[in-house]
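# next one to model:
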Amino acid sequence: MIGIPIKKHLKLRYQEEGRTCRTCSDRRKNEGICIKKNRTNDIGGIFIFLLVSMIPGDPVYAMLGEEVSPEEYNRVFHELKLDQPVIVRYFSWLADALHGDLGESTQFHMKTSEVLAARIPITLFFSIAAFIISVPFGILFGVISAVNRGKPLDTVVTLIANVTACLPQFWFALLIMFVFAMKLGWLPSYGFDWPWINAAGWKQMIMPLFCLSLGGIASTTRQTRSSMLEVIRQDYIRTARSKGIANNKVIYLHALKNALIPVITILGMRLGNLIAGSMFVESVFNIPGMGSLMVKAIQSRDIPVVQACVLAIALVSCIVNLATDILYAVVDPRVRFE
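Numbering: from 1, shown residues only. A predicted model of the protein is given here:
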């Protein structure tokens, strides 16, 4: 079969399935996610820079304290380029960032790149671990729900997934901290150590990973169920069953593979959201990751750190989107790249 370019293939897929996507003119039948990428990321950096610049307070006083002398205040004010317009400061920062200079943190009094180097591995560790946990469980629950459509098991799984998807991560984090740390005393309530350095690190990981994984399991379950319900009604599935092929083989070998493309889309988005949304869980459990760093940087108006965090999240999102597109060709042989 002649390969179909990936964008053209997915557009034809949407048109054949007959549903209008919410963000483009393509059509699709099932509840799903449009893979057309949002083009507004180009102005995201400027928007964040302007937003942080409008936070009330003086970054010089936040950095040196209110007892600073006028001479020292003026010197730091000039070094931070606060005497220049915001848009000039942004493009100055961007030019330095293109040369590998992310500036100096006004909060930690050290290079921003060194601050991020100590925090990014922790955030990536939790995000990837939560992703690895949520994917198999989400797909499994979605398949079970679709195969048992209309039965009590389907109702229970769907209800739990819908309720869980609506729960804010920080609220659930506070709830399980109250139960398992404060009331029962089974798990530590805050902090983080690498498990291979401190054995207590394994216990410190349980609640944050559970909170980060829960939303992924719920969203993956819902998407897998929706895709599987569409696929198992296709003619080739009925043909496979009429040939006497075992039901488990039909479901997991034929149906699931063809239902994975929309699931892959939401998984790629989920991994990016895990990294961006880790600030809530890291703040609740006092984990020294990039999320809690960004919260503290916003509170202290540490603009270089905020911009560096946004840049890191955007870079990871681009890599995840690229990996998602490559996976389309792995799952569907009809897809090729131009």
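# going by C-alpha atoms from here, please, whenever you check contacts or count neighbours.
Noted.
# so which residues of the stretch 51-200 of the chain form helices?
59-64, 70-79, 86-98, 112-147, 152-166, 169-176 (DSSP state H, counting those that start in this stretch).
# can you say which of those helices is nearest to Gln204?
If you check each of the helices of the stretch 51-200 of the chain against Gln204 by Cα to Cα, helix 112-147 wins as the nearest, at 11.5 Å.
# quick one: the closest one to helix 152-166, angle?
160 degrees (axes from the mean of the first three to the mean of the last three Cα atoms, to 10 degrees).
# out of the helices of the stretch 51-200 of the chain, nearest to Thr220?
Among these, helix 112-147 sits nearest to Thr220 (Cα to Cα), with 4.7 Å.
# compute the distance between Ile275 and Val263, please.
Ile275 sits 19 Å away from Val263 when distances are taken as Cα to Cα, to the nearest Å.
# how about Val306?
32 Å.
# for Asn273, same thing?
In terms of Cα to Cα, Asn273 sits 15 Å off from Val263.
# do Thr158 as well
Distance from Thr158 to Val263, by Cα to Cα: 16 Å.
# the more surrounded of these two?
Val263 (24 against 21; other Cα atoms under 10 Å).
# which residues in the stretch 201-338 of the chain form strands?
Ranges of strands in the stretch 201-338 of the chain, per DSSP state E, counting those that start in this stretch, are 335-336.
# low-confidence ranges in it?
Residue ranges of the stretch 201-338 of the chain with pLDDT under 70: 276, 332-338.
# do a quick rundown of the helices in it.
Using DSSP H, counting those that start in this stretch, the helices found in the stretch 201-338 of the chain span residues 201-231, 235-242, 247-249, 256-258, 260-276, 278-284, 290-299, 303-331.
# closest one to Ser127 among these?
Ser127 lies closest, by Cα to Cα, to one member of these: helix 260-276, at 5.6 Å.
# dump the C-alpha coordinates for the closest one into CSV.
Written as CSV, here are the backbone C-alpha positions of helix 260-276 (Å, rounded to 0.1, in the frame of the first residue of the first chain):
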residue,chain,number,x,y,z
LEU,A,260,-4.4,3.7,19.6
ILE,A,261,-3.9,6.8,17.3
PRO,A,262,-6.3,9.1,19.2
VAL,A,263,-5.0,7.6,22.5
ILE,A,264,-1.5,8.4,21.5
THR,A,265,-2.5,12.0,20.8
ILE,A,266,-3.9,12.5,24.3
LEU,A,267,-0.9,10.7,25.9
GLY,A,268,1.4,13.1,24.2
MET,A,269,-0.6,16.0,25.5
ARG,A,270,-0.8,14.4,29.0
LEU,A,271,3.0,14.1,29.3
GLY,A,272,3.4,17.8,28.5
ASN,A,273,0.7,18.7,31.0
LEU,A,274,2.3,16.6,33.7
ILE,A,275,5.5,18.6,33.5
ALA,A,276,3.6,22.0,33.3
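# buried residues of that helix, list them for me.
Buried positions in helix 260-276, judged by neighbour count with 16 or more other Cα atoms under 10 Å: 260-272, 274-276.
# with stretch 240-256 instead?
In stretch 240-256, the ones that count as buried by 16+ other Cα under 10 Å are Val250, Ile251, His254, Ala255, Leu256.
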